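Novice: Provided below for reference: sequence and predicted model.
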Amino acid sequence: MASGGRGGAASTLVSRFRQQAGPLLPPASRLVVAVSGGADSMALLQLLLASELLPLAAIQVAHFDHGLRPDSAADARFVAAAAAERGLVCTVGCWERAVAAPTGGLAAQARAARYQFLLECAEAWGAERVATGHHRDDQAETFLERLLRGSGVGGLGAMAVSRPLSAGVALVRPLLGLSRGELRAWLEAVGHPWREDASNRKLTARRNRLRHQALPCLQQVADGDLSQRLAATAGRMAQASTALEWMLERLWPQWDPRWEGEGCLSLASEPLPVLPEELLCRCLHRCHQYLHGHGRPPGERAVAGFVQRVRSRRSHWLLVVQGLRVERQQGRIFFHALEGVSARSVGKMAFRREKPPGLDRDAGNH
């Protein structure tokens with residue numbers, strides 16, 4: 001009886017996964033699955049196979065060895081063996097930090113290197129999607145972490161179920177609707193092993209303190225499943241962010257966007273002062289994105305300075321924020337890229353290319 005109950009629960013989880021992952025994985029697509037060897041990614045791999053959403057020939061396993069733990073090579077061997085047992089191709093990458101020379105904290109560096117490796121695997125194999133094992137508890141932790149950082153509407157939307165890695169490759173997260181406990185219980189029920197990363201229990205990492213200390217404490221005063229509630233709130237914040245982007249799309253043409261030459265765009269200044277602060281924030285972020293690609297957007301202080309100057313209604317002002325020189329003059333606001341202009345961004349936006357009225361031929365050099 002117990003065995004039948006466990007089998008039924010396992011079958012139910014596969015059905016739920018098939019329902020949630022199906023819209024993300026068109027039948028004719030190729031998929032790279034990021035597998036660390038831990039419970040989450042092993043559950044993702046096994047559920048993909050059990051659900052039969054894609055044929056074996058359309059799935060490739062990718063493992064990235066960061067080389068940050070003594071047993072990381074054993075993780076790579078475990079994943080490669082698991083892939084071979086299932087008749088899957090496995091690509092293993094190793095982080096060469098001296099060559100890559102990334103910037104930022106170690107965790108951010110490792111993450112950037114990992115996603116770059118996954119993107120290269122997808123492009124080399126002609127895959128349209130990369131799948132990761134992020135689940136509902138990860139979503140709750142991300143939401144809480146960003147809440148503590150003071151993130152706005154967009155940040156509190158936490159992890160999207162799908163987002164672009166590049167122009168031709170999407171990152172998908174088919175497990176966001178399932179919990180860590182459900183996935184581990186399923187792996188145990190069907191007898192699939194996984195690797196444990198001891199560093200996930202070290203309380204020196206902020207994320208681990210949230211997982212092992214803060215969230216259990218908050219669960220004691222919460223009604224119902226806290227991770228489910230936090231993930232649901234993150235979903236509602238993502239919907240609010242989508243609504244704001246929808247509004248921005250419809251207002252954008254009214255601001256008369258113009259491409260002023262290499263590394264400079266301008267907007268009409270008159271419509272902007274009456275906008276809510278959140279839309280002014282998104283206006284600045286969009287201009288930064290067009291001129292600098294998908295780098296880190298201007299922060300809170302930069303946005304506050306921009307909002308204050310836009311609403312001042314002064315005929316001329318100047319502001320330098322995170323790679324942008326922003327200047328108002330003669331009825332327009334000019335956004336100049338100070339460095340690292342991405343030429344590909346020029347083609348992403350419908351600009352009027354004539355010179356701003358009343359400016360001389362050097363107007364693009366402000």
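Specialist: Looks like it came in fine. Numbers count the residues shown, from 1 in each chain.

Novice: Following element in sequence after the helix or strand of the chain with the lowest mean pLDDT, please.
Specialist: Across the helices and strands of the chain, mean confidence by mean pLDDT, DSSP states H and E is lowest for helix 97-100: a mean of 54. Counting by DSSP states H and E, the element after helix 97-100 in chain order, helix or strand, is helix 106-125.

Novice: Please name every helix or strand in contact with the helix or strand just after that next one.
Specialist: Next helix or strand after helix 106-125 toward the C-terminus (DSSP H and E): strand 129-131. In terms of contacts (3 or more C-beta pairs under 8 Å, 6 or more residues apart in numbering; DSSP states H and E), strand 129-131 is packed against strand 31-34, helix 106-125, strand 170-172. For glycine as for every other residue, the C-beta is placed from the backbone atoms N, C-alpha and C.

Novice: Doesn't P26 belong to a strand?
Specialist: No - going by DSSP: H, G, I helix; E, B strand; the rest coil, the assignment for P26 is coil, not a strand.

Novice: Next, it: phi, psi?
Specialist: Dihedral pair for P26: phi -60, psi 140, per degrees, to the nearest 10.

Novice: if I look at it, how far off is R129?
Specialist: Per C-beta to C-beta, to the nearest Å, P26 is found 9 Å from R129.

Novice: Which one of these two is surrounded by more residues?
Specialist: Neighbour comparison, P26 and R129: the larger count goes to R129, with 21 against 12 (by other C-beta atoms under 10 Å).

Novice: Neighbours of the residue nearest to S72 when sequence neighbours are not counted, how many?
Specialist: Once flanking residues are discounted, S72 sits nearest to D65: 5.1 Å by C-beta to C-beta, 6 or more residues apart in numbering. Close neighbours of D65, defined as other C-beta under 10 Å, add up to 20.

Novice: So for D65, what's the pLDDT?
Specialist: Listed pLDDT for D65 reads 95.

Novice: can you tell me which residues contact it?
Specialist: Neighbouring residues of D65 by C-beta atoms under 8 Å, 6 or more residues apart in numbering: 72-73, 75-76, 92-95.

Novice: who does it bridge with?
Specialist: D65 has these beta-bridge partners by DSSP bridges: C94.

Novice: Please enumerate the helices of this protein.
Specialist: Along the chain, counting by DSSP state H, helices occupy 2-21, 39-51, 72-85, 97-100, 106-125, 136-149, 153-156, 180-190, 206-209, 215-219, 226-251, 277-292, 300-312.

Novice: Buried ones in the longest one, by neighbour count?
Specialist: For helix 226-251, the neighbour count (16 or more other C-beta atoms under 10 Å) marks 226-231, 233-235, 237-238, 241, 244, 248 as buried.

Novice: ok, and what's touching stretch 159-174?
Specialist: Stretch 159-174 has contacts (C-beta under 8 Å, 6+ apart) with 17, 20-21, 24-25, 44, 47-48, 115, 118-119, 122-123, 127-132, 134, 138-139, 142, 176, 234, 238.

Novice: residue ranges with poor pLDDT in the stretch 151-300 of the chain?
Specialist: Along the stretch 151-300 of the chain, the model assigns pLDDT under 70 to residues 294-295.

Novice: try 80 this time
Specialist: Within the stretch 151-300 of the chain, the stretches with pLDDT under 80 are 293-297.

Novice: domain ranges for this protein?
Specialist: Structural domains assigned to the chain are 2-231, 256-365, following automatic domain parsing.

Novice: From what I see, R201 and H212 are in contact.
Specialist: Yes - in this structure, R201 is within contact of H212 by C-beta atoms under 8 Å, at 6.9 Å.

Novice: more neighbours, those two?
Specialist: More neighbours surround H212 than the other of R201 and H212, with 15 against 11 (other C-beta under 10 Å).
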